[in-house]
Every structure is written in structure tokens, then in C-alpha cells.
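# Sequence and predicted model, in that order:
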Amino acid sequence: MEAPNSSFVQSIMIESSNLLYLYPFDHPSMILAPKFFDENDFGVWKREMTISLSAKNKLSFINNTIIMPANQLHFAYWQRCNDIMISWILNTLNHDIRDSVLYAETTQILWNELNSRYGQPNSARVYQLQKNLCQITQGSHDISTYFSKIKSNWDELNAINTIPAYTCGVAHAFVKREEDQRLIQFLVGLNPSYDMIRSNILMMQPLPPIDRAYGILMQVEK
């Protein structure tokens, strides 16, 4: 197959909403994720990359919703997007991991290989996160800093422990139970100076959402 005439390719305008559109400032050396992946915290790295690719309107390249076009002109655009996205992902990998996936021909193959290798549940990491949650207390921190520390561990656990989709009222009951457990975990780590407001929150029936309890505590702190 002959390569499409470059001047003809450049003369065809692609709208910014098109999945194959690239902004003029999109280039192969861009760093999309602040987290540099070195075999640790794959869930955090994956989340940051997914958000960045979604903002670039390029999630379709990793979730199998766009296929290699047969049309010669469209293929040229697809190939350009594919190569730039591979570069974006490679730019966030350490040297050894980068070398091991360097020859992946498509973004999806590269993404699937990383998921297969590092995306499996990591029992050691789950253990560490649960241990962190048992040890985190407010101490000398303000409410905001303490909450941020504990929530970052919750969020990473959520990324590791994927929950199957439920129907009817099962999902709501499960989510409510999980939120109540985390609320109690958050309250347990508060300093003794918050004993009275902690008791008031625990007497609420049903227990309030974590965000509401956090707001109440912030008001008391101020």
C-alpha cells in the first residue's frame, strides 16, 4: 500500500472532537502522568494516565473502542496518534520496563501488556495499605491533612480491589456499609480534643456520609 500524499493528508482538516485529532502542541516527548512508574503503585500510575488520556480524548486507543482504519488517509492519522500515545506512555516508565515493551506495535498492546504484568491484585501492597490505615492518626496534623492522608490509602485500595457490578439494592447496601466502616476508621484516629463531636457524629442515625462528617469537623476546628 502506498503512503498517502503528505500534502493531501495535511490539507484534510480533522475537527477537535474527532478521536484522531491531535493538538498542535501534542508531541512525543510530553509527560502526561506525574507518577513515574517503576513497578510500584501501578494503580496510581494507571489512574493518572487514564485521566490524562481521557482529557486528550484518546481513551479509545486503550479500551478497544477504536480499530485500525482500512481507509488509507485515516490510517495515516491513526498511525500518528498511535505512535504519539506510545511515546507518552513510554515517557512515564523506568528504563527496564520501557525496554521490555518498546516494540509494542499499538497502544492497546502496550497497555494490555502493562496491565497483565502489573495490574493483578498485589497482596503485599494491600497489606501495606491496610497497615497504613491502622497506623494513621491525626497527631499534630490539622483535620484536612489527616483526612488527605487516610483518603489517599482508601483511594488506592479502591483502585486495587475492583468491585463487581451489582443490581437492585445490593450495591447501595454494600457501598453504605463500606462508607460507615471508613467513617468510623476516620473518627478513631482523631485527637482526644474531638471526643465530644466524635460522639455526636456516632449517635447520628443513620451515620452521615464521610464528606458531611468531615465538614462538621472542619467547622469545629475553625
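Received the coordinates, thanks.

# so the residue nearest the centre of the chain is in which element?
For the chain, the residue nearest the mean C-alpha position is Arg47 (1.6 Å; CA atoms, centre = their mean). Here Arg47 sits within helix 42-55, counting by DSSP states H and E.

# Okay, now the unreliable bits of this protein?
Within the chain, the stretches with pLDDT under 70 are 1-13, 121, 161-171.

# residue boundaries of the helices in it?
6-11, 42-55, 72-90, 95-101, 107-118, 123-135, 143-160, 170-188, 195-202, 210-221 (DSSP state H).

# and these as CSV, adding distance to Pro28?
Using the backbone N, CA and C atoms, a C-beta is placed for each residue, glycine as well. Formatted as CSV, the helices of the chain follow (distance: least, CB to CB, whole Å):
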stretch, distance to Pro28
helix 6-11, 18
helix 42-55, 15
helix 72-90, 4
helix 95-101, 13
helix 107-118, 13
helix 123-135, 31
helix 143-160, 28
helix 170-188, 41
helix 195-202, 51
helix 210-221, 41
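
# For Pro206, list the residues it contacts.
Pro206 makes contact with Lys176, Asp180 under the criterion CB atoms under 8 Å, 6 or more residues apart in numbering.

# gap between it and Glu179?
Applying CB to CB, to the nearest Å, the value for Pro206 to Glu179 is 10 Å.

# same deal with Asn71?
Computed with CB to CB, the distance linking Asn71 and Glu179 is 49 Å.

# Of these two, give the one with the bigger neighbour count.
Glu179 (15 against 10; other CB atoms under 10 Å).

# how close does that one get to Ala213?
Using CB to CB, Glu179 is found at 10 Å from Ala213.

# again, but for Gln108
Gln108 is 42 Å from Ala213, where distance means CB to CB.

# same question, Leu157
From Leu157 across to Ala213, the span is 19 Å (CB to CB).

# what about these two, which has more around it?
Taking other CB under 10 Å, Leu157 and Ala213 do not tie; Ala213 has more neighbours (20 against 17).

# and the closest residue to that one other than its chain neighbours, what is it in contact with?
Leaving aside its sequence neighbours, Ala213 sits nearest to Ile201 (CB to CB, 6 or more residues apart in numbering; 5.3 Å). Ile201 makes contact with Leu183, Leu187, Leu207, Pro208, Ala213, Ile216, according to CB under 8 Å, 6+ apart.

# Gln108 too?
Applying CB under 8 Å, 6+ apart, the residues contacting Gln108 are Phe61, Ile62, Asn64.

# rewinding a little: show me what the helix holding Arg47 is packed up against.
helix 72-90, helix 107-118, helix 143-160 (3 or more CB pairs under 8 Å, 6 or more residues apart in numbering; DSSP states H and E).
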